[in-house]
Each structure stands twice: as structure tokens, then as C-alpha cells.
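Novice: Output the structure for:
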Amino acid sequence: MERKEDELVDGSTLRGPILPSFGYPEKELSIPEVDEKGQGQGQEPPHEALFLVLAYLPLLELLSMSAVCRSLRDAVEKDVLVWLHIIVEKPLNIMFSDELMLKLTSRANGRLRTLALIGCTKITDHGLLQVIEKNPHINKLYLPACTALTPEGIVRAVKTLTEHYQALKSVRINGIYNLTKEHLETLSSYLQMNPAKIEAWKPELCFFHDHRNFSVLRIEESNRPIDVEICPRCNEVRTIFDCPRETCKKKREKAKTECRGCYFCIPRCEECGKCIEVEEPGEVVCADVLCSDCWLQLPKCNFCNRPYCSQHANPQLTSPGSTGFICAVCHVNFIGDSPCDSVESQIAG
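Specialist: Predicted structure coming up:
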């Protein structure tokens with residue numbers, strides 16, 4: 001994997017599987033040969049408009065673009081503006097390591113503004129601090145579900161960013177293990193929030209179904225400096241969700257006791273974010289929870305009459321001569337082979 005990461009960053013070759021197959025046959029991503037003039041054999045130079053969109057491409061597409069031809073590779077590697085905002089999401093986050101992070105962030109030449117690592121479980125405290133020390137002007141630090149990081153490591157990173165510069169505006173750390181009230185207060189003080197007002201601070205509404213569909217661009221519109229707070233029910237430091245259910249809205253408007261808390265205290269519908277009442281949950285193929293309204297609206301498996309939530313709808317297989325589908329569990333129980341085997345046979349056929 002180390003050799004593959006070097007190839008990915010250098011942009012000189014992208015041959016070989018760079019993404020996990022998730023049970024499907026691994027496919028190699030090859031590029032055209034580059035001649036002495038810097039373009040693929042028999043190809044015209046890239047249109048000038050391509051160079052204008054480089055700064056707006058997701059990271060994986062940007063790295064792939066650097067493998068098209070030498071002129072695009074040089075533009076990607078040498079243009080600092082392309083690397084001011086580094087956002088690592090699926091599927092690249094699975095292989096994203098400290099070494100790869102250091103190589104990519106170094107292309108910003110110390111001018112990095114946004115570092116968003118979404119679910120990058122290989123990133124360590126040491127690697128993060130190295131990047132922070134070389135890029136003191138970061139104003140957005142997003143580290144949700146980076147489970148190898150520790151609260152102490154994040155505190156050191158935030159402290160380093162705020163010691164000499166006050167550019168850091170927001171931190172996203174939901175999913176980091178062992179966060180405590182003391183860690184939250186320390187981070188808040190570094191972000192120039194008044195610690196005495198943390199308990200009384202009323203954040204903007206946050207709904208569970210929006211949070212699960214994580215979008216860095218959407219989160220940037222939020223004015224919340226930190227995405228976690230103390231749950232009013234269990235006193236743990238977690239992301240706290242509001243309820244879009246009409247009855248709960250009325251309670252909130254009348255300042256009555258509202259159903260507000262973390263997901264562990266108040267189970268919520270995967271589709272709409274409403275709190276789940278005791279008699280509501282219906283059987284679902286995946287492990288998520290649905291309210292009765294969403295359960296009725298979603299398509300069901302032809303065999304077990306259970307739906308998938310939208311997030312896990314990919315494993316379903318269409319049934320010949322039917323408008324419905326067969327879930328992965330029923331496909332194994334009644335047909336005998338796995339969904340992956342069926343997909344492979346369809347591709348081969």
C-alpha cells in the first residue's frame with residue numbers, strides 16, 4: 001500500500017487498484033502513455049477551461065486529473081491555490097495515512113486553510129500535529145470519526161493553531177473517543193468562547209438525518225464553533241440532535257421539555273430524523289431505525305417485506321419480472337449465492 005500511495009501522490013502513474021473492491025473484482029486504473037511533449041499519444045492538449053476547474057474538484061478526481069497528461073500534472077502539483085482546501089472523504093479516507101497527508105498538505109506551502117478528514121481512521125496525533133505546525137493559518141479543522149486521534153492530541157493541535165494566530169474558526173470532532181467536559185471547555189477557551197456561557201449556549205438546530213448525510217460545504221454554512229456539546233440526558237460529550245416532529249416543535253416553541261439529546265439517548269429515524277416512539281419501529285433489513293411513516297413509504301423486499309434505509313439501499317437486487325427487489329439476506333437464504341456473486345455474473349455476461 002505504501003508504494004501505491006507514493007504513485008498516487010506523485011501523479012506519474014496510477015496503475016494498480018487504488019480503491020478497495022468491497023467484494024467486487026479489483027479494477028486497475030491505467031493512464032495513457034505520456035510522450036516527450038507531455039500529452040498522451042495521439043491526443044490534443046487539454047482545453048484551457050480544465051485548468052480553471054481544478055480548484056473545485058474533489059480530492060480523488062484532482063489526483064486522477066494529474067495522471068491524464070503532463071501539463072495537467074504540472075498544474076495540479078505546482079498550483080498552490082488547488083491545495084488550500086483539502087477534504088478527504090469516502091472512498092479515499094480508507095487508505096489515507098499520516099505519510100500521504102503530509103505529502104498532500106505540503107503542496108499548500110504552509111497556506112492551507114481547510115483540513116477536513118472525514119472518517120480517516122489511520123491519522124494519528126503525531127501526524128496531525130506535524131501538519132498543524134507547518135500550516136498555522138488553518139481556519140477550519142474537521143476531524144469527525146478519526147478514531148485513531150485522542151482528545152489530548154486534538155487539544156494540542158487546536159492550541160498550536162491559536163497560540164500565535166487566531167484564524168481557527170471551527171472544529172468538528174464528533175466521533176472522537178473519550179471526550180470529556182474538561183476537553184470541551186479547553187477547546188472552547190482556545191476558540192475564544194466564554195467558558196461560563198458554554199452550558200447556556202443555544203446552538204442552531206441540528207437534525208440527525210442531515211448530520212448523517214455529512215457535507216463539508218453544508219457544515220461550512222454553520223456558525224457553530226464546535227459540533228459537540230454536553231448531552232442534557234447522559235452528560236456525555238456528543239453531537240446533540242433536535243427533533244423535526246411537529247409535537248416536539250411545539251414543545252420547543254413553548255419552551256417546554258423537548259426531545260433533545262444524543263443518538264444513544266433518543267433513537268431517531270434514519271430518513272427524517274424524528275424521534276422514535278416505542279410502538280413505531282418496523283423491521284428493517286439494515287441495522288438502522290425508521291419511523292412508521294418512512295417505513296411505509298420505502299420499497300420492501302419481495303420475500304421478507306422489509307425495507308432498506310436510503311443509506312444502505314445498494315445491496316438490494318432487482319427481481320426478474322417484478323418492480324420490487326430482493327434484499328441481501330433473502331438472496332442468500334432463498335437463492336443461495338451472495339449479491340456480489342450475482343453482480344459479477346451479470347458483469348461477465
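Novice: can you count the residues close to the nearest residue to residue 113 once chain neighbours are set aside?
Specialist: Spatially, and ignoring its direct neighbours in sequence, residue 113 is nearest to residue 84 (4.8 Å; CB to CB, 6 or more residues apart in numbering). Heads up, the C-betas are built off the backbone N, CA and C, glycines and all. If you count neighbours by other CB atoms under 10 Å, residue 84 ends up with 17.
Novice: looking at it, residue 84 is touching residue 109, isn't it?
Specialist: No: counting by CB atoms under 8 Å, residue 84 sits too far from residue 109 to count as a contact (9.8 Å).
Novice: so where is the stretch 51-200 of the chain shaky, pLDDT-wise?
Specialist: Scanning the stretch 51-200 of the chain for pLDDT under 70 picks out the ranges 193-200.
Novice: if you set the cut-off to 50 instead, what comes out?
Specialist: Along the stretch 51-200 of the chain, the parts satisfying pLDDT under 50 run over 194-200.
Novice: Equivalent analysis for the stretch 201-349 of the chain, please.
Specialist: 216-219, 339-349.
Novice: which residues does the residue nearest to residue 113 contact?
Specialist: Each residue near residue 84 by CB atoms under 8 Å, 6 or more residues apart in numbering is listed here: 55, 108, 111, 112, 113, 114.
Novice: Considering these, which possesses the most neighbours?
Specialist: The residue in the contacts of residue 84 with the most neighbours, by other CB under 10 Å, is residue 112 (25 neighbours).
Novice: Name the nearest residue to that residue, sequence neighbours excluded.
Specialist: Nearest residue to residue 112, sequence neighbours excluded (CB to CB, 6+ apart): residue 135, at 3.8 Å.
Novice: pretty sure the one you found is touching residue 109, no?
Specialist: No: counting by CB under 8 Å, residue 135 stays clear of residue 109, with 9.1 Å between them.
Novice: Have a look at those two and say which one is more surrounded.
Specialist: Taking neighbours as other CB under 10 Å, residue 135 and residue 109 compare with residue 135 leading, 20 against 12.
Novice: Tell me how far the more buried one lies from residue 107.
Specialist: Distance of residue 135 to residue 107, given as CB to CB, to the nearest Å: 11 Å.
Novice: swap in residue 50?
Specialist: Residue 50 is 19 Å from residue 107, by CB to CB.
Novice: got the residue ranges for the helices in the stretch 101-250 of the chain?
Specialist: Per DSSP state H, counting those that start in this stretch, the stretch 101-250 of the chain carries helices over the ranges 125-134, 151-163, 181-190, 208-212, 216-220, 246-253.
Novice: show me what contacts residue 62?
Specialist: Listed by CB under 8 Å, 6+ apart, the contact set of residue 62 reads 54, 76, 82.
Novice: Among those, name the ones in helices.
Specialist: The helices, defined by DSSP state H, take in residue 76 from these.
Novice: List just the nearest of the contacts of residue 62 to residue 235.
Specialist: Nearest to residue 235 among those: residue 82, at 43.7 Å, using CB to CB.
Novice: re the thing from before, of the helices of the stretch 101-250 of the chain, give the one that comes closest to residue 172.
Specialist: With CB to CB, the closest approach to residue 172 among these belongs to helix 216-220: 6.7 Å.
Novice: tally of neighbours for residue 334?
Specialist: Counted with other CB under 10 Å, residues neighbouring residue 334 total 11.
Novice: Distance-wise, check it relative to residue 72.
Specialist: In terms of CB to CB, residue 334 sits 50 Å off from residue 72.
Novice: who touches residue 151 in this structure?
Specialist: Contacts for residue 151 (CB under 8 Å, 6+ apart) come out as 176, 177, 178, 179, 180, 183.
Novice: and what of residue 264?
Specialist: Going by CB under 8 Å, 6+ apart, residue 264 touches 234, 236, 238.
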